[in-house]
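Q: fold the following for me, if possible:
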Amino acid sequence: MNFKRILVIAVGIFAITAVILGSVHIYSTAVARKTIEQTLNNINLILMKPEKMLTEPTRFTYSFTLEIANPAHLTAEVELTSWQVQIDEETFTVSPINQWETIIHPKEFRDRCFSPKGEIAISEPSIMSLKEKEIVPLIITGEIKVTARQAWVTQSFTYDFLLDSSVIFS
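A: As a prediction, the model looks like this:
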């Protein structure tokens, strides 16, 4: 009879532990998913500016700054794997100015967002044809990988993003 009682208590303890660990896992998965969702929904172009004129051949460089964050300030690893800029009909591959991989909103700096910077060079004939137009479409595309960790749950998601706007070259 003592053996049955010990077995019932052990099974009960095991069941309670399983329920607790299962609940923590479900919660951790939900938080990781929310982190990824919020991060992917908060990619913004915050700055496009001319930098300098280069010679041989003549071309103009423009820098772009994106801001990637999540409103809940949840920690996520973010890596911008590729980035292109299309102005009117011409597509440019963006060269990195700063690091394109970081951890946003770490515990030490809750307000830290990710601001990757890139640069393109536009030839002089292209600039002249863009200046002749009143307003031209600006489309930024790229691939971003976001990884979120909560407890023992790790989730990663790679996403192709698209930002569109318009720009005036004067």
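
Q: for the rest of this, base every contact and every neighbour count on C-alpha atoms.
A: Noted.

Q: which stretches of this protein have low pLDDT?
A: 1, 106-111 (pLDDT under 70).

Q: can you give me the strands in it?
A: Assigned by DSSP state E, the strands in the chain fall at 43-54, 59-68, 76-87, 90-93, 95-96, 101-104, 117-123, 136-150, 153-167.

Q: can you tell me which of these is nearest to Arg5?
A: Nearest of those to Arg5, taken as Cα to Cα: strand 153-167 at 35.5 Å.

Q: restrict the closest one to CA atoms and write it as PDB.
A: Output of strand 153-167 as PDB, limited to C-alpha atoms (Å, rounded to 0.1, in the frame of the first residue of the first chain):
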ATOM      1  CA  VAL A 153      12.400  28.800 -27.000                       C
ATOM      2  CA  THR A 154      14.200  30.200 -30.000                       C
ATOM      3  CA  GLN A 155      12.400  31.300 -33.100                       C
ATOM      4  CA  SER A 156      13.800  32.800 -36.300                       C
ATOM      5  CA  PHE A 157      12.100  34.200 -39.300                       C
ATOM      6  CA  THR A 158      13.400  35.600 -42.600                       C
ATOM      7  CA  TYR A 159      11.300  38.200 -44.300                       C
ATOM      8  CA  ASP A 160      11.400  40.100 -47.600                       C
ATOM      9  CA  PHE A 161      10.400  43.700 -46.800                       C
ATOM     10  CA  LEU A 162       9.400  46.500 -49.100                       C
ATOM     11  CA  LEU A 163       9.200  50.200 -48.300                       C
ATOM     12  CA  ASP A 164       7.900  52.600 -50.900                       C
ATOM     13  CA  SER A 165       7.900  56.400 -51.100                       C
ATOM     14  CA  SER A 166       8.600  59.200 -53.500                       C
ATOM     15  CA  VAL A 167      11.500  61.600 -53.800                       C
END
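
Q: reformat the strands of the chain as a markdown table; add distance to Val31 and mean neighbour count.
A: Listed next are the strands of the chain as a markdown table, based on distance: least, Cα to Cα, whole Å; neighbours: other Cα atoms under 10 Å:
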| stretch | distance to Val31 | mean neighbour count |
| --- | --- | --- |
| strand 43-54 | 19 | 14 |
| strand 59-68 | 18 | 18 |
| strand 76-87 | 11 | 19 |
| strand 90-93 | 34 | 14 |
| strand 95-96 | 31 | 16 |
| strand 101-104 | 15 | 18 |
| strand 117-123 | 29 | 19 |
| strand 136-150 | 7 | 18 |
| strand 153-167 | 9 | 14 |
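
Q: okay, those in TSV with distance to Arg33 next?
A: Shown next, in TSV, are the strands of the chain (distance: least, Cα to Cα, whole Å):
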stretch	distance to Arg33
strand 43-54	17
strand 59-68	16
strand 76-87	11
strand 90-93	30
strand 95-96	28
strand 101-104	15
strand 117-123	26
strand 136-150	8
strand 153-167	7
